[in-house]
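> Pasting a predicted model and its sequence here:
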Amino acid sequence: MFWPRYWRRLMRYMPLLPPYSYPYMYPYQYSPPPQPQQVQQTQAPQQYPAYPPPPPYPPYPPPPPTPEEELEMLEEYKKELEEDLKDLQEELRSVEERIKELKEMLSKSSQGSSGF
């Protein structure tokens, strides 16, 4: 499956940051359902469920990769692109062959029907 470039860059740094630092992964924070309270003679002030604290955010972005790491990542990315290119070329060849077959079928059928 193809992922946009920014997603690949994001996924490169994903292991470096804790998962709770991504707010889009946890869009809603739910509180536990309220427990039914027993009837008491003295009324205590109503207690609201406590909400969990918001997720902490990293204080700074991860450090840039070293040249060796960047070279390795770029080589891997190049391999992925070459594989994608091979797949696309194969698909293009198959489509061209099918187009050629269909044109031949149409030319044969038009030649056969013109004799009537």
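Good, I have the coordinates.
> By mean pLDDT, flag the weakest helix or strand of this structure.
In the chain, the helix or strand scored least confidently by mean pLDDT, DSSP states H and E is helix 5-13, which has a mean of 65.
> which other helices and strands contact the helix or strand just after that helix?
Moving toward the C-terminus from helix 5-13, the next helix or strand (DSSP states H and E) is helix 67-113. Using 3 or more Cβ pairs under 8 Å, 6 or more residues apart in numbering; DSSP states H and E, no helix or strand is in contact with helix 67-113. (Glycine included, C-beta is placed from N, CA and C.)
> What mean pLDDT does helix 67-113 get?
Across helix 67-113, pLDDT averages out at 94.
> just stretch 34-48 next, same as before
The average of the pLDDT scores along stretch 34-48 is 67.
> Please give the number of neighbouring residues around the nearest residue to P64 once chain neighbours are set aside.
Nearest residue to P64, sequence neighbours excluded (Cβ to Cβ, 6 or more residues apart in numbering): E70, at 8.0 Å. Residues near E70, counting by other Cβ atoms under 10 Å, number 12.
> same question, E80
By the measure other Cβ under 10 Å, the count of residues near E80 is 13.
> Over to E69?
E69 - counted by other Cβ under 10 Å - has 11 other residues nearby.
> What separation is there between it and E76?
11 Å (Cβ to Cβ, to the nearest Å).
> Give the residues shared as contacts by these two.
Both E69 and E76 lack any common contact, where contact means Cβ atoms under 8 Å, 6 or more residues apart in numbering.
> Pull up the gap between P49 and P34, please.
Relative to P34, P49 is positioned 6 Å away (Cβ to Cβ).
> Could you do G112 as well?
Counting by Cβ to Cβ, the gap from G112 to P34 is 80 Å.
> likewise Y60?
Counting by Cβ to Cβ, the separation of Y60 from P34 is 40 Å.
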